[in-house]
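Undergrad: coordinates for the following, if possible.
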Amino acid sequence: MSDRVREFMRLGEGPALEVVEKLPTPEEVFKVPKLTGWKLFATILGPSFMALGGALGSGEWIMGPSIAARYGLYLFWLVWVGVVLQTVYNIAFARVTTLIGEPALVYMARSKPRKFWIPFLAFVLFAAAAWPGWASGAATALAVFVLGRLPTEAEAAFVRYLGMFLFIVCVLVVSVGGKIASTLEAVFRFKVLLVTFVVFILSLIVSRPEIWSELLT
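TA: All right, here's what the predicted structure looks like:
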């Protein structure tokens, strides 16, 4: 039996957290040699596609282009504000998880009153990830490609049907395959590569020199 004295820290409500002097490395936990160079790159490539695919949403595809088309590129500085804030947010969540050994949202749920925060955070996460409004927003963009113009009020039913179709497609995507993570990784890999190359090529072909000048300004 170990003579080590175990220390615990009370952090908000819920069970106390055990205090450790040093967090184990991934190699110690999974009993694998340390990854370096190309092996490290290949290992994190899959999860990175999932992170990028999940982050690439309606803001980049719908809100950003619509604001640029309506007001011009002089509001492009807002992109940098969003990038900085999202970076701070991601780093903060990662550090909280590393510090206490629990997901950041679990840490937030330790705040009083815990009986309120736990169901509230669960509801917010479900609403943000599963609410059909995302499919409805994507349906509006898809309708533009199908019609070649913005849909009118009389075509609202058509947009709703497209939204239902996209929502069902998303359900089917995560329902096939041996593992949901593997299926999503394949879908997100295709999505990220398509967006990266298509947008880059279109920006070179379609954009005029005065647009690049406005953007830099």
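Undergrad: longest helix of this structure?
TA: Among the segments of the chain that qualify as a helix by DSSP state H, the longest is helix 180-206.
Undergrad: next one: it to chain centre, how far?
TA: In terms of C-alpha atoms, centre = their mean, to the nearest Å, the centre of helix 180-206 is found 15 Å from the chain centre.
Undergrad: show the average pLDDT along whichever helix or strand comes after it.
TA: Remark: after helix 180-206, the chain's next helix or strand is helix 209-216, criterion DSSP states H and E. Averaging pLDDT along helix 209-216 gives 80.
Undergrad: circling back: in the longest helix of the chain, what counts as buried?
TA: Neighbour counts using 16 or more other C-beta atoms under 10 Å place 184, 185, 187, 188, 189, 191, 192 of helix 180-206 among the buried residues. All C-beta atoms are positioned from the backbone trio N, CA, C, and that covers glycine.
Undergrad: ramachandran angles for the nearest residue to the fourth one once chain neighbours are set aside?
TA: The shortest distance from residue 188 to any residue other than its chain neighbours is 2.6 Å, reached at residue 53 (C-beta to C-beta, 6 or more residues apart in numbering). Dihedral angles phi and psi of residue 53 (degrees, to the nearest 10) take the values phi -60, psi -40.
Undergrad: go on, residue 18?
TA: Here is the backbone geometry of residue 18 (degrees, to the nearest 10): phi -80, psi 140.
Undergrad: between the buried residues of helix 180-206, which is nearest residue 141?
TA: Proximity to residue 141 was ranked across those by C-beta to C-beta; first place goes to residue 191, at 14.0 Å.
Undergrad: next up, the contacts around the closest residue to that closest one other than its chain neighbours.
TA: Take residue 191 and drop its neighbours on the chain: the residue closest to it by C-beta to C-beta, 6+ apart is residue 53, 5.1 Å away. Neighbouring residues of residue 53 by C-beta atoms under 8 Å, 6 or more residues apart in numbering: 184, 187, 188, 189, 191, 192.
Undergrad: wait, doesn't residue 140 sit right on residue 152?
TA: No - between residue 140 and residue 152 there is no contact under C-beta atoms under 8 Å: 11.8 Å.
Undergrad: between these two, who's got more neighbours?
TA: residue 140 (17 against 10; other C-beta atoms under 10 Å).
Undergrad: tell me which element the more buried one is part of?
TA: helix 133-147.
Undergrad: just checking, what packs against that helix?
TA: helix 58, helix 156-173 (3 or more C-beta pairs under 8 Å, 6 or more residues apart in numbering; DSSP states H and E).
Undergrad: show me the contact partners of the longest one.
TA: For helix 156-173, the surrounding residues in contact (C-beta under 8 Å, 6+ apart) are 132, 135-136, 138-140, 142-143, 146, 151, 183-184, 187.
Undergrad: ok, now with 10 Å
TA: For helix 156-173, the surrounding residues in contact (C-beta atoms under 10 Å, 6 or more residues apart in numbering) are 130-144, 146-147, 151-152, 155, 180, 183-184, 186-187.
Undergrad: that helix to helix 180-206, inter-axis angle?
TA: Here helix 156-173 runs at an angle of 130 degrees relative to helix 180-206 (axes from the mean of the first three to the mean of the last three C-alpha atoms, to 10 degrees).
Undergrad: follow-up on the earlier one: how about the contacts of residue 53 in CSV, adding pLDDT and distance to residue 93?
TA: Below are those laid out as CSV (pLDDT from 0 to 100; distance: C-beta to C-beta, whole Å):
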residue, pLDDT, distance to residue 93
184, 80, 20
187, 83, 24
188, 85, 20
189, 85, 24
191, 83, 23
192, 85, 21
